[in-house]
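>>> Let's see this in three dimensions:
(2 chains)
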Amino acid sequence: MKKLLILGGGTAGTMMVNKLAPVLDKKDWQITIVDQHETHYYQPGFLFIPFGIYAKHDVIKPRRDFFPSGVDVVISAIDEIQPAKNQVKLQGGKLLPYDYLIIATGSDVHPEETEGMKNGGWHKNIFDFYTVDGAVALANHLKYWQGGKMVINIAEMPIKCPVAPLEFAFLADWWFTEQGLRDKVEIEYVTPLPGAFTKPIAAKFLGQFLEKKNIQLTPEFSIGSVDSGNNKIVSWDEKEISYDLLVTIPTNMGSEVIERSGLGDDLNFIPTDPGTLRSKDHENIFVIGDATDLPSSKAGSVAHFEAEILFENFMRVVDGRNTLAKFDGHANCFIESGFGKGILIDFNYDVEPLPGKFPLPGVGPFSLLQETKMNHWGKMMFRWVYWNLLLKGSELPVDAQMMMAGKRRSEYAS
Amino acid sequence: MSEVLAAKVELDEEGFLKNPDDWSEELAAELAKEVGIDELTDLHWKVIHFMRSEFKDRGQAPTIRRIKNSGGVPIKEVYRLFPDGPAKKAARIAGLHKPQGCV
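Numbers count the residues shown, from 1 in each chain, chains lettered A, B, ... in the order given. Now for the predicted structure:
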């Protein structure tokens, strides 16, 4: 009996177990999936909670609803991964041996990494929206907020869903307008990046959007501390920005299990082969989703494309073949831009987001790097796709590798 | 870019050495002047040498967080030593490629 162990029952782990369980013969394979929580969160939905578009119950479902039958489900915290012994130690000491291990332990926000962040102002006038608790607390605060200066600050890169802070800014502009408060609210977008986004063409395009929506962009600001007594964020080189309401995107880090197991980098992300998704250090360990150290976005769409490649590579390894370096860093993100519109970007390790059309059989095409109502509906429809198709490992009509069809290089070229 | 520097080594359009093996301490001092650092102190050198050894071992420039954790230089100090974009500036002086941006 061969043992496959999957750590993490989030987006990536759930997709992998649903792809592998139907094809690995139950006579030969024992599949186990471990997660510490019973609840699955639809993380892309957190963005909508502060503005009352979704409530908490819209973004949660029991994890077990998405695990296939015949798989051992273990709800437990993990103490340590022990690759030299091919086993994982659970909290409480129980040992789970494996022949193959898939690590999908994700990443979490760590506001305590920034000095002063969790002092007096936390959940009073400082909030995150990357956790359901943070998003709900922010919704309650915004409901009664009379206006002032809202600062949206990214602590450091990389972060999950790097477009989410921009979407938050766009939605805030829309929401304050709807509330009749926009003229009483100043919005400042403060980022350590040199522009609105990481890649130049999209950064330019999205930067123009911020300007159009009267959102001030302050680039190259690396937060060192929060002075919550005086409502100021202070950079490492001692620049100061004051706020009435601080929406922070805290430091993102991989799981502490990875740190305890000595498997990660300085942010607990696991060195992973960017093409094959195999651990760089251990032949029988694969890594997927936010847990990797890959220079791709930490996003559900990326985990989805990775899952297709990892499935293929895993089956090749099981059949005694070599892995193929087929993952290209493909990401595909709807960016909610407010007022019922959205923007779509599609890119990979080598090709930055470009304008054009994104073909989608039966539904599309969607417009790339352009604001349309259709892109907004694509985004809203995605929650259904996530729960009903994506998590279950179903084929979606989008190729795992990025396609150039429909993309144009000429516009916005510098 | 100073002509002296340009004559000696090949730089990319952003002033990073094309070939990290062209690097020398003498060259580092000149690269530092290019980014407005007139004198390299012991602490500057500590960061520069750490960056080079990391690059040699791991094939990429260390992050500021790693310079703190493994190089032993506090983040605030790194910003004081290499003002306005220390990761890029220190990598340039250390003769490394431009640090990878994350998405």
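
>>> Get me the contact residues on the stretch 201-350 of chain A for chain B.
Taking Cβ under 8 Å from any Cβ of the partner chain as the contact definition, the stretch 201-350 of chain A meets chain B at A:220, A:222, A:224, A:236-237, A:265-267, A:295-297, A:331, A:347. C-beta coordinates here come from the backbone N, C-alpha and C atoms, glycine included.

>>> Can you flag the buried ones in those?
A:222, A:224, A:236-237, A:265-267, A:296-297, A:331, A:347 (16 or more other Cβ atoms under 10 Å in any protein chain shown).

>>> For the residue in the stretch 1-150 of chain A that chain B sits nearest to, grab phi and psi.
Closest to chain B within the stretch 1-150 of chain A is A:Glu113: 9.2 Å, counting by Cβ to the nearest Cβ. Main-chain dihedrals, A:Glu113, degrees, to the nearest 10: phi -70, psi -20.

>>> and it, how many neighbours?
17 (other Cβ atoms under 10 Å in any protein chain shown).

>>> would you list the buried ones among the residues of the stretch 201-350 of chain A next to chain B in TSV and tack on pLDDT, secondary structure and distance to B:Ser24?
Below are those laid out as TSV (pLDDT from 0 to 100; DSSP: H, G, I helix; E, B strand; the rest coil; distance: Cβ to Cβ, whole Å):
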residue	pLDDT	secondary structure	distance to B:Ser24
A:Ser222	95	coil	30
A:Gly224	96	strand	33
A:Trp236	95	coil	30
A:Asp237	92	coil	29
A:Asp265	95	coil	29
A:Asp266	95	coil	29
A:Leu267	96	coil	33
A:Ser296	92	coil	36
A:Ser297	93	coil	38
A:Ala331	94	strand	40
A:Phe347	93	strand	38
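
>>> and which of those is nearest to B:His49?
A:Asp266 (18.5 Å; Cβ to Cβ).

>>> where's that closest one relative to B:Gly71, distance?
Distance of A:Asp266 to B:Gly71, given as Cβ to Cβ, to the nearest Å: 11 Å.

>>> same question, A:Asn153
26 Å.

>>> got it, and A:Ser107?
Counting by Cβ to Cβ, the gap from A:Ser107 to B:Gly71 is 24 Å.

>>> what about the two, which has more around it?
Neighbours were counted for A:Ser107 and for B:Gly71 using other Cβ under 10 Å; A:Ser107 has more, 24 against 18.

>>> Could you pull up phi and psi at that one?
Torsion angles, degrees, to the nearest 10, at A:Ser107: phi -140, psi 160.

>>> What is the burial count for the nearest residue to it once chain neighbours are set aside?
Nearest residue to A:Ser107 in three dimensions, chain neighbours excluded: A:Asp290, at 4.0 Å (Cβ to Cβ, 6 or more residues apart in numbering or on different chains). By other Cβ under 10 Å, 31 other residues sit near A:Asp290.

>>> Over to B:Arg92. Which of the three states is it?
helix (DSSP: H, G, I helix; E, B strand; the rest coil).

>>> which ones are touching B:Leu17?
Residues near B:Leu17 by Cβ atoms under 8 Å, 6 or more residues apart in numbering or on different chains: B:9-11, B:23, B:31, B:92, B:95-97.
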